[in-house]
Every structure is written in structure tokens, then in C-alpha cells.
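Colleague: Show me how the following folds:
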Amino acid sequence: MTYFSIVLEQIVIFVIYAAIGVIAVKTKVLTRDGLGVLSKFITRIALPLLIFTNTLNGATRAQFLGAVPIMLATALMYLLLALLVLALARVFRLQGNERNVYRACSMFGNNGFMGIPIVAALFPEEGLLYIALFTVVDQMVLWTAGVALTSPVGEKSGASLSQSLKKMVNPATVGILLAVAGIFLNVRLPAPLNTALTKTGAVSTPLAMIYLGGMFCFTDIPKYLKKKEIYGTIVLKMCIFPVLFFYLLRLIPGITQDIAVTMSVLSALPTMTSIAMLAQIQKSDGEYSAGMIFVTTLFSVLTLPLVCLLIG
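Modeller: Predicted structure coming up:
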């Protein structure tokens, strides 16, 4: 199968999950309050377990030490994206919470819930290794810069150093640190525990997409379909940047074709579902993030296969 067909198949699965979320809300199985509880379960239990088990099981100490190019490529990707989305926010003259949430939505792709299954499907043998090493940098950036950008503007500006450090200590970062420590200490979990934790973490993707579909029912979709800045993100961040980044990585010694493809696909993903969850939990502009997630996810049905065709 080609990159195009593999990615297209995964997108169809995501759409089905989201449709289940819509049905759950329409049939009153899930309410707005119920979605809030679901988001807490995903961000505080399921996603940290997914990160922990994928990282611990996805790399050995030798692989971790020998895969520095992946981590450097991830750091480079976020540096370039941070500059790009800052420029976009200024071009569209966004202000306040909307400005910061827009930057977070544009910067962070849906790596945990869409990226992991897509990369695993693209590269069945090495995919988990790529994701494990990518995740270390990705989650550190998310739970530092991402948390800061999804905090209310007044709270962010008035936050002390101790408060900022306290926000960095959360289930996801703890999961990463424990997994990295386990890799270097060559720790392997007992089979029953590993199976239980892995399967619990695996529900993150379907639950997150179900949550996303449910949130669409409470979002003023037409309002966000008119937002010009979102289309700026779709064109520049989800189409042009991934292709240019792919060819940039191919010029760097040590970056293989598979790594470049992985990084390109991950940079082309729509807005991370966790951004809406973080914005909602921290009482920032959660509706804006939900609207942006809907529009970018909708267009990713076209943009992701397009990127795969251009780099394939």
C-alpha cells in the first residue's frame, strides 16, 4: 500500500469514531458535562498511559541513544512551527485568549490520537520507535508551552515561577520521565501489568475522537468556518510546511527517508484534541479551540493524503 492509501484508511476510521460521538450526544448518551468528565479521563489517565507504554515498549536504551536525529528533528519542527504560528497570529491581528489558543491549535498536531496509529500503519516495524522518541520532545513542549498558551491571559501573565513549574508536573510528563528512566534502567513491566496498561492507553484514540465528535454538537460550526486565520493554518501549516520540512530533513545527514516521511506526516496533522481539553479545563477559550479542531480535522481528510502524494 502507498502512503496515500494507508493514511486515507486511517482517516476513515477517525471519521467513524467522530460520528459515534455525534450519535452519542444526539441520543443523550453523552452530555456536555459527560464530555468534560471524558476529557479528564483521557488527559489524566488514558493518554499518559498511552505515552508511557508506547515509549517504554517502543525503544531500547541503545535505540534511544542512537536515535538522536529524530529528537533533533522534532525540536527543529517545533521551533519552526512556533515562529510560523506567531507570525500568523500577528498577520491576522488576533488578541487575548483567542490569540494564544490559535497559536496552540496551529502549533500542535493531533499526534497522540491520530499520529500514533498513522505512523504505526505506515511503518509497522519501526513506527513505534519513531513515535516513542518523537513523543518525548512533543509532550515536553505540549505540557510546557501548550499549557502556557491555553491558560487565561491574565492568569498566565501573573503566574509565578513556582506556579509555572507546578503546571509542568502532570500525568503526561510524569509518564514520559518514568518511561525514559525505565528505558535507561532496562526495566520491563510484568506481562499482565504491561497488557493492562497498554490496552487502557489504547482507548485514547477512539475516546478522543468520540469526544471530538461530541464537542462538535456544542460548537457553532458556521462561525468558525468563516474564520480566515484557520484557513491560513490549513494552507501554510498543514500543506506547505510539511512538504518543505520533508525536503529540508532530506538534506540533513542521518535523517532517513522513513524518518523524514514520519516527521512530515506528523507536522501535517490537524489540531490536537488535547488543546481543547486543556483550554476547557483551564477555562480559556475552549470553544474557539473546538471550532478550530473541527475545521482543521475536516480539511485534513483532503490535506493529509495530498501531503502524502507530494512526498511519496
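
Colleague: Please report how far F245 lies from T55.
Modeller: Using CB to CB, to the nearest Å, F245 is found at 23 Å from T55. Bear in mind the C-beta positions are built from the backbone N, C-alpha and C, glycine included.

Colleague: Compare the two (neighbour count), which wins?
Modeller: It is T55, of F245 and T55, that has more neighbours when counted by other CB atoms under 10 Å, with 27 against 22.

Colleague: Skipping adjacent residues, who's closest to the more buried one in space?
Modeller: Excluding its sequence neighbours, the residue lying closest to T55 (CB to CB, 6 or more residues apart in numbering) is A179, at 3.7 Å.

Colleague: repeat for V261
Modeller: Closest residue in space to V261, ignoring its immediate chain neighbours: I311 at 6.2 Å, by CB to CB, 6+ apart.

Colleague: how about the one you found, what does it touch?
Modeller: Shown in contact with I311 (CB atoms under 8 Å, 6 or more residues apart in numbering): Y3, P242, V243, F246, A260, V261, S264.

Colleague: again, 10 Å this time
Modeller: 3, 242-243, 245-247, 250, 257, 260-261, 264-265, 268 (CB atoms under 10 Å, 6 or more residues apart in numbering).

Colleague: now those: which count as buried?
Modeller: Y3, P242, V243, F245, F246, A260, V261, S264, V265, A268 (16 or more other CB atoms under 10 Å).

Colleague: Quick check: the farthest pair among those residues?
Modeller: For these, the farthest-apart pair by CB to CB is Y3 and F245; their separation is 15.3 Å.

Colleague: now the stretch 51-200 of the chain, which segments are flagged as low pLDDT?
Modeller: Residues of the stretch 51-200 of the chain meeting the criterion pLDDT under 70: 154-168.

Colleague: Closest one to P190 out of the buried ones among the contacts of I311, please.
Modeller: Distances from P190 to those, taken by CB to CB, are shortest for V265, at 33.9 Å.

Colleague: Quickly note the distance from the nearest residue to that closest one once chain neighbours are set aside to I281.
Modeller: Leaving aside its sequence neighbours, V265 sits nearest to I118 (CB to CB, 6+ apart; 6.2 Å). Separation of I118 from I281 (CB to CB) stands at 26 Å.

Colleague: Looking at these two, which has the bigger crowd around it?
Modeller: The neighbour count for I118 versus I281, taken as other CB under 10 Å, is higher for I118 (28 against 17).

Colleague: hang on, isn't that one packed against V7?
Modeller: Yes: if you go by CB atoms under 10 Å, I118 and V7 touch, sitting 5.9 Å apart.

Colleague: Give the residues shared as contacts by the two.
Modeller: V265, A268, L304, C308.

Colleague: Need these in TSV (columns: pLDDT and distance to K226).
Modeller: Converted to TSV, the shared contacts of I118 and V7 look like this (pLDDT from 0 to 100; distance: CB to CB, whole Å):
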residue	pLDDT	distance to K226
V265	94	29
A268	96	24
L304	92	23
C308	90	29
